[in-house]
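K.L.:
3D, please:
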Amino acid sequence: MTADARGGIDAAYEVERLLQYALQKRLIEPLDLAYSRNALLELLRLVEPYAGAAPEEALDSPVEPLERLLDYAAEAGILEENTLTHRDLFDTRLMGCLMPRPSEVVREFRSIAGSADVQAATDRFYAMSIDAAYIRMDRIRRNLYWRTPTDFGELEITVNLSKPEKDPREIALLKNAPSVAYPKCLLCADNVGYAGRLNHPARQNLRVIPLKLDGEDWFFQYSPYVYYNEHSIIFHSGHVPMQISDRTFDRLLDFLDQFPHYFIGSNADLPIVGGSILNHDHFQGGRHAFPEEKAPIARTFAHPELPDVRAGIVKWPMSVVRLVSFNRVQLRKAAVTMLAAWRAYSDESADIRAFTGETPHNTITPIARLTANGEYELDLVLRNNRTTEEHPEGLFHPHRELHHVKKENIGLIEVMGLAVLPGRLKEELEAIAALLTGQSSDEAWRADADHALHKHAAWIDRLLDAHGTALSASDAERLLQDEVGGIFLRVLTDAGVYKQDEKGQAAFAAFLASMGYRDNR
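P.N.:
Sure, this is the predicted structure:
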């Protein structure tokens, strides 16, 4: 670490460290060195490079030199404001100087897939996305994560701390930010290389891989906020809305044929039960075995017209039909038929209505993977977004008594058994733990509606009544983790259209019977 003549950060030296890192991670080649150096010098308004060679070192990430360069940029007045968003915009611009062109990334991906296999190609692409600080692993590692055992297997819980809250200065600046409609959304291919703005992230270090699904142009990339291993986004080349249709199954199965080591799934396509981005058709994939995938079949069914397809109700708090077959044609037919049947299906005894007037309520969350022996496996999660006077947020949505922990839509990731919970819970759980251990006797949360713990009041009272105020720190932490896991199980149960009791499961079987499925019991 060196200083410039003014005693501050030697930015030219940090540039050399960053270049050395980029060479080691194969983001650039030796022939790119002068080009990349000059680009960085220009951005940092430096007139000449470091006089000498930076000592050899092996950095795991570019964070350290980037942070020093950001500090320099703030001191030198290069940053408009020294806020997290402004720093993110600028460090992504710096990393953009060290990236291969999009065509070069695609060429390398296809070369590796052709000479080795597609798994080796995704390994390299994933590593590049991390090395380029597109996936900010230093932030993602801050997320809390644990597992909670339940009757449905171990549920996974993560508290999302990788998206920091906005600086008040940024919020003030956003009020006056011009309205811009480019790129149209965060998933459009136009994001590749985009400089970003206060309300849209920079993407100079984003690269995508083109692929064909059902004869159409799609793209493959990784999520910058990986919630699980190799969290992928597969998105349509056009800015077209989410839609679950017959073609959805062709696309899912086409993807598995090209990426057999990944699963792929989709959020539902209706509000309340859908994901956060419904205006751009996309899937999510990756290499992770979720709790829902590990769940066994509770009850098997067969269809006389689909002899090669095995069907079953999955033992899972949400309502999942699993279809398995080597026969892709029959499997597709089974999925298409079930989607059409569910779209039109009503059962007042189970509170299921397909329509209110002409407004549809029924859809599915589909998930596809290959089994260990190479069979196609489709999990169709039945969804319904109807609201009622008692449950205005959604009848099959987390009910209000659970909103103190989770009130957001239950999308694909939660459906599969991984709770993505808001970052506010970290400090709130720590404060509740302090009550359970006796480290705090503050009771302002009871009466003050603005207190961070007030929304948890009924839960806290129950915990204090049951466990007192003398738990050890480790016992309090474990207790709260299990409690949150139990609340997530209730969230999934609320979202399940067919409940786990005898009446609910009989109604579930009746839906399958309406399509001609026969119970194997």
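K.L.:
mind listing the helices in the stretch 101-250 of the chain by residue range?
P.N.:
Under the criterion DSSP state H, counting those that start in this stretch, the stretch 101-250 of the chain contains helices at 102-115, 118-131, 137-140, 168-175, 246-258.
K.L.:
Dump the ones you listed to a markdown table, plus mean neighbour count and mean pLDDT.
P.N.:
Yep, even glycine has a C-beta here, placed from its N, CA and C like the rest. A markdown table is the format used below for those (neighbours: other CB atoms under 10 Å; pLDDT from 0 to 100):
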| stretch | mean neighbour count | mean pLDDT |
| --- | --- | --- |
| helix 102-115 | 15 | 98 |
| helix 118-131 | 19 | 98 |
| helix 137-140 | 16 | 94 |
| helix 168-175 | 12 | 65 |
| helix 246-258 | 19 | 98 |
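K.L.:
Adding distance to residue 159, write the ones you listed out as CSV.
P.N.:
Formatted as CSV, those follow (distance: least, CB to CB, whole Å):
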stretch, distance to residue 159
helix 102-115, 33
helix 118-131, 21
helix 137-140, 12
helix 168-175, 23
helix 246-258, 30
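K.L.:
Quick one: closest of those helices to residue 395.
P.N.:
Of all those, helix 246-258 sits nearest to residue 395, with 24.6 Å by CB to CB.
K.L.:
closest one to residue 52 among the helices of the stretch 101-250 of the chain?
P.N.:
Closest among these, once you apply CB to CB, is helix 118-131, at 25.3 Å.
K.L.:
got a list of contacts for that closest one?
P.N.:
Residues from elsewhere that reach helix 118-131, judged by CB atoms under 8 Å, 6 or more residues apart in numbering: 25-27, 61-62, 105, 108-110, 112-113, 135, 137, 207, 209, 221-222, 230, 258-262, 287.
K.L.:
go again using 7 Å as the cut-off
P.N.:
For helix 118-131, contacts defined as CB atoms under 7 Å, 6 or more residues apart in numbering pick out 25, 27, 109, 112-113, 135, 137, 209, 222, 230, 258-259, 261.
K.L.:
and residue 74, which of the helices of the stretch 101-250 of the chain is closest to it?
P.N.:
Taking CB to CB, helix 168-175 is the member of the helices of the stretch 101-250 of the chain nearest to residue 74, at 13.0 Å.
K.L.:
What is the nearest of the contacts of helix 118-131 to residue 333?
P.N.:
Ranked by distance to residue 333 (CB to CB), those are led by residue 258 at 21.8 Å.
K.L.:
right, and that closest one touches residue 211 too?
P.N.:
Yes. In this structure residue 258 lies within contact range of residue 211 using CB atoms under 7 Å: 6.3 Å.
K.L.:
Would you mind giving me the confidence score for the residue nearest to residue 154 when sequence neighbours are not counted?
P.N.:
Counting by CB to CB, 6 or more residues apart in numbering, residue 154 lies nearest to residue 147, which is 4.4 Å off, once chain neighbours are set aside. pLDDT recorded at residue 147 is 98.
K.L.:
With the one 5 residues further on instead?
P.N.:
Residue 152 carries a pLDDT score of 97 in this model.
K.L.:
OK, contacts around it?
P.N.:
Neighbouring residues of residue 152 by CB under 7 Å, 6+ apart: 295, 315-317.
K.L.:
roughly how far apart are it and residue 116?
P.N.:
38 Å (CB to CB, to the nearest Å).
K.L.:
List the beta-bridge partners for residue 355.
P.N.:
Note on residue 355: beta-bridge partners by DSSP bridges are residue 360.
K.L.:
Could you do residue 384 as well?
P.N.:
For residue 384, the beta-bridge partners are residue 362 (DSSP bridges).
K.L.:
wait, doesn't it sit right on residue 362?
P.N.:
Yes. Look at residue 384 against residue 362 with CB under 7 Å: they come within range, at 5.5 Å.
K.L.:
Have a look at the two and say which one is more surrounded.
P.N.:
Of the pair residue 384 and residue 362, residue 384 is the one with more neighbours under other CB atoms under 10 Å, namely 28 against 24.
K.L.:
do you know how far that one is from residue 240?
P.N.:
Residue 384 is 24 Å from residue 240, by CB to CB.
K.L.:
got it, and residue 294?
P.N.:
Per CB to CB, residue 294 is found 34 Å from residue 240.
K.L.:
and what of residue 52?
P.N.:
54 Å.
K.L.:
And the two? Which one has more around it.
P.N.:
Neighbours were counted for residue 52 and for residue 240 using other CB under 10 Å; residue 240 has more, 13 against 10.
K.L.:
Skipping adjacent residues, who's closest to the more buried one in space?
P.N.:
Nearest non-adjacent residue to residue 240 (CB to CB, 6+ apart): residue 281, at 5.1 Å.
K.L.:
Now do the contacts for that neighbour.
P.N.:
Counting by CB under 7 Å, 6+ apart, residue 281 touches 236, 240-243.
K.L.:
again with residue 207
P.N.:
Taking CB under 7 Å, 6+ apart, we find residue 207 in contact with 102, 105, 192.
K.L.:
Provide a list of residues in contact with the first one.
P.N.:
Right, residue 102. Going by CB under 7 Å, 6+ apart, residue 102 touches 192, 207.
K.L.:
pretty sure residue 222 contacts residue 235?
P.N.:
No. Contact between residue 222 and residue 235 fails when scored by CB under 7 Å: they sit 11.8 Å apart.
K.L.:
joint contacts of these two?
P.N.:
By CB under 7 Å, 6+ apart, residue 222 and residue 235 have no common neighbours.
K.L.:
Go ahead and flag the most central residue of the chain.
P.N.:
residue 227 (5.0 Å; CA atoms, centre = their mean).
K.L.:
shouldn't it be in contact with residue 413?
P.N.:
Yes. Residue 227 is in contact with residue 413 according to CB under 7 Å; the separation is 5.9 Å.
K.L.:
any shared contact partners between the two?
P.N.:
Contact with both residue 227 and residue 413 is made by residues residue 420, according to CB under 7 Å, 6+ apart.
K.L.:
show me the contacts for residue 24.
P.N.:
By CB under 7 Å, 6+ apart, residue 24 lies in contact with residue 58.
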